[in-house]
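Kindly return the folded structure for what I paste below:
(chains A and B)
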Amino acid sequence: MNAFTAYRDYIAGCLIAAIGGFAVLEGQTYGIGSLQKMGSGFFPVVLGAGMILMGVLMALFAQKPMPESTAYHAITAPDWRAAAGIALGVALFMALANRAGLAPAIFACVFAAALGNRRTTLKQATLLALGVMVFGVLLFAYGLKVPFPIVTGVLN
Amino acid sequence: MEGSFASLAHGFAVALEWHNLIWCFVGVIVGNIVGVLPGMGVLSTISILLPLTFSMQPVAALLMLSGIYYGAQYGGAICSILLNLPCHPPHAVTCLDGYPMTKQGRGGVALGITMLAAIIGAAFGIGQMMVMAPFIAAIAFKFGPQEICALMLLGLLAGSTLAKGSPIKGIAMTLFGILLSLAGTDINTGNERFTFGFIELSDGFELVAISLGLFGIAEFLKSVNTVAPTGAKPVKLGFRDLRPSRAELRQGLPPILRGTLVGSLCSMIPGTGPTIASFIAYALEKKISRTPKRFGHGAIEGVAAPEASTHSAVQGDFIPTMSLGIPGDAVMALLLGALMIHGIQPGPRLITEQPDIFWGLIASFWIGNLILVFLNVPMIGIWVKLLMVPYRYLYPTALFFVCIGVFAARNEMFDVAATLVFGGFGYLLLQLGFEPAPILLGFVLGPRLEENFRRALLLSRGSLETFIDRPISATFIAISALLVVAQILAALRRAKPPVQLPEGAFD
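Predicted coordinates for the structure are as follows:
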């Protein structure tokens, strides 16, 4: 068990209380009103207060996670390679779909995501991306008519 | 009673219209595939396909999306029994005895019993829904805003504390979900809330973006390098292998019936969906068995009971959703969201005002379950081959479907970026021991909760006593209070879980 896992419930409590605190502060600016005539801020402030309370309770009742308990999730080191692959895949899709077209967007998205796995080779990723690209273009561009060009300037 | 038979006949007429039938078929097939594929979830599949249903008629959309849910239960059992992979939470417990049966060469029989359990459990669950849902809706018809608020409070509380994980964290997640639902333009005052200056947010967050972030991308981030290649040899299975012997049938039938009852009881309580039902059914069988030592070593009861209870709970899950408009879990929240996107107001009026939807859905359950049995029993060999598709090819494909699905929801690239952010946040939540499912419950119910709360207090001139002055509303508040007290007592006793889970059952 690493130190981070041991303090997990405290971190969780802080996170929830912080979100709640933000909701209270931001909600106040919307106008709270009265119980009879509630303003837009009433609900956010009440919810935020509830979240602060939950955050405090979480820290108060923080338990040492027991590996044998069912609720146990060990905190694992973040998988940077997987995260990079997935984030890049989504980002490439967003960047390319409108500008370069659906086909390159699909290829780039699947290719980048596939390389997030350590065992996938470049060749496998290429083949997979090509396959999904053909299938995706047929399904979405021809079948469901998504508003993207297929390849900008060539197949609009 | 006669009235409901006429309604059911009407439902069959709706469900058998060819376009509805086709979509029901598509739904159960997709569900079955998703259930079989290790690492793919029902929630993300329904979310991906949700935007594609916008152009469909609401009946067809609902039939298809529901079909994914119960279809996946059929596939999930295959995955558990043959590969020992609890890829589908309600079937995690089936691994305990299903996989030993496979190792003994009786995997086919385990699947055969599962199919029998499925059809009996589902039939009971659907029957229960036909009787209970109109009854509950008739009572709820007279509910005013006070009762609706109190009921939602109860539903949200039960949904967030009875499901797996810490109750405090569950409540925190529900509150966060409600908070998310407030983003956008406030319908009562026209003020913009929590838009952070993004015009894209003035209509609020997109349901699909939240659910695909939390249940799609967050899962990928966790599983990309951790879902091990199965490595198991494909088991050759044919139609004949599924047939249980007479003795096995005699052994399996009573647990199936008991499991069915457990499932139907669990489905009545919001928050205790199929997963919990299957665990309770397994624990019950082990407890009343004369030879509890056989459990874990291929006892047929250990497959029959949880499978029957899963299927009956899955169908029963629809009862509070369709009769009250209060979803018991995240899948139901999504289906409710789908109805609302189609402009249908969920609640007690749904059954009488939209008989096509309610009775068509029920009829499609009968049809869909029959299709599933015919899909699974003779074609078991095909599903076994599908089990061998490695996860590292699946998730990149799924990621593309996530991107395009979220985009298609309202043709907005902003939502795709939001999905990625929710994915990262969801991963953080998982690491901190949160279960993100209640976020979806809160998100779907949030706007209605705020609206009814406002209305109730406007009517009572700002007096909170209105919630305890009315008997029905007071009852719901009292049950909610009891629930909280019971949770506190349970936390103090800190009971040990009755069943030891297979490793990674809840991952």
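
Identify each buried residue in the helix or strand containing B:F176, please.
Per DSSP states H and E: B:F176 is located in helix B:167-182. For helix B:167-182, a neighbour-count test (16 or more other CB atoms under 10 Å in any protein chain shown) marks B:167-182 as buried. All C-beta spots, glycine's among them, are computed from the backbone N, C-alpha and C.

secondary structure class for B:T475?
Following DSSP: H, G, I helix; E, B strand; the rest coil, the label given to B:T475 is helix.

Compute the number of surrounding residues for it.
15 (other CB atoms under 10 Å in any protein chain shown).

show me the residues around it that make contact.
B:T475 makes contact with no residue under the criterion CB atoms under 8 Å, 6 or more residues apart in numbering or on different chains.

ok, now B:Q57?
B:H19.

can we see that at 10 Å?
B:E17, B:H19, B:N20, B:W23, B:L63, B:H342, B:D356, B:I357 (CB atoms under 10 Å, 6 or more residues apart in numbering or on different chains).

do B:P396 as well
Contacts of B:P396 were listed using CB under 10 Å, 6+ apart, and they are A:85-86, A:89, A:109-117, A:120, A:125, A:128-129, A:132, B:220, B:224.

What strand or helix carries it?
helix B:391-410.

The following helix or strand past that helix: which residues count as buried?
As assigned by DSSP H and E, the chain's next helix or strand after helix B:391-410 is helix B:413-431. By neighbour count on 16+ other CB under 10 Å, the buried set for helix B:413-431 is B:413-420, B:422-431.

for stretch A:45-62, same thing?
A:45-59, A:62.

need the helices for chain A, in chain order.
Per DSSP state H, chain A carries helices over the ranges A:3-6, A:8-28, A:42-60, A:80-99, A:102-114, A:122-136.

With distance to B:I479 and mean pLDDT added, can I get those helices in JSON lines?
Formatted as JSON lines, those follow (distance: least, CB to CB, whole Å; pLDDT from 0 to 100):
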{"stretch": "helix A:3-6", "distance to B:I479": "36", "mean pLDDT": "65"}
{"stretch": "helix A:8-28", "distance to B:I479": "26", "mean pLDDT": "93"}
{"stretch": "helix A:42-60", "distance to B:I479": "19", "mean pLDDT": "94"}
{"stretch": "helix A:80-99", "distance to B:I479": "43", "mean pLDDT": "93"}
{"stretch": "helix A:102-114", "distance to B:I479": "46", "mean pLDDT": "94"}
{"stretch": "helix A:122-136", "distance to B:I479": "49", "mean pLDDT": "93"}
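
Please identify the most buried of the ones you listed.
Scoring these by mean neighbour count under mean count of other CB atoms under 10 Å in any protein chain shown gives helix A:102-114 as the most buried, with a mean of 26.

Next, the angle from it to helix A:122-136.
Put simply, helix A:102-114 runs at 140 degrees to helix A:122-136, going by axes from the mean of the first three to the mean of the last three CA atoms, to 10 degrees.

Identify, by residue count, the longest helix of chain B.
Per DSSP H, chain B has its longest helix at helix B:107-140.

Now do the buried residues in that helix.
Quick answer for helix B:107-140 (16+ other CB under 10 Å): B:107-130, B:132-134, B:136-137, B:140.

so which of those residues also contact chain A?
Among the buried residues of helix B:107-140, proximity to chain A is found for none (CB under 10 Å from any CB of the partner chain).

Could you give the number of residues near B:R243?
12.

If we ignore the residues flanking it in sequence, what's nearest it?
Nearest residue to B:R243 in three dimensions, chain neighbours excluded: B:G112, at 5.8 Å (CB to CB, 6 or more residues apart in numbering or on different chains).

separation between the most centrally placed residue in chain A and B:D356?
Per CA atoms, centre = their mean, the C-alpha nearest to the average position across chain A is that of A:A87, at 9.3 Å. A:A87 sits 43 Å away from B:D356, going by CB to CB, to the nearest Å.

And the residue nearest the centre of chain B?
B:V331 (4.0 Å).

Mind pulling up the pLDDT for that one?
Note on B:V331: pLDDT of 90.

Repeat that for B:Y391.
In this prediction, B:Y391 has a pLDDT value of 84.

ok, now B:T185?
B:T185 is given a pLDDT of 89.

Same check on B:K496?
47.

need the contact list for B:Q315.
B:Q315 touches B:66, B:69-70, B:73, B:121-129, B:263-264, B:267, B:274, B:362, B:365, B:369, counting by CB under 10 Å, 6+ apart.

and with 7 Å instead?
B:Y70, B:A122, B:G125, B:I126, B:M129, B:F365 (CB atoms under 7 Å, 6 or more residues apart in numbering or on different chains).

In CSV, list these along with pLDDT.
Formatted as CSV, the contacts of B:Q315 follow (pLDDT from 0 to 100):
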residue, pLDDT
B:Y70, 93
B:A122, 94
B:G125, 93
B:I126, 94
B:M129, 92
B:F365, 95
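
which one of these is nearest B:I479?
B:I479 lies nearest to B:M129 out of the contacts of B:Q315, by CB to CB, at 22.1 Å.

ok, back up a step: check the residue nearest to B:R243 and give its pLDDT.
At B:G112, pLDDT is 91.

likewise the one 3 residues further on?
Here, the pLDDT recorded for B:M115 equals 92.

same question, the one 3 residues further on
B:A118 is assigned 94 on the pLDDT scale.

With B:V235 instead?
66.

again with B:V227
What the model reports for B:V227 is a pLDDT of 68.

Skipping adjacent residues, who's closest to the residue sitting furthest away from the middle of chain A in space?
In chain A, counting by CA atoms, centre = their mean, A:Q36 sits farthest out from the average C-alpha position, at 38.1 Å. Leaving out its chain neighbours, the residue that sits closest to A:Q36 by CB to CB, 6+ apart is B:G462, at 3.1 Å.

what about the one you found, is that helix, strand or coil?
When classified by three-state DSSP, B:G462 comes out as coil.

Tally up the residues packed near the residue of the stretch 201-350 of chain B found nearest chain A, please.
Residue nearest to chain A within the stretch 201-350 of chain B (CB to the nearest CB): B:V224, separated by 3.5 Å. By other CB under 10 Å, 26 other residues sit near B:V224.

Can you report phi and psi for it?
phi -50, psi -50 (degrees, to the nearest 10).
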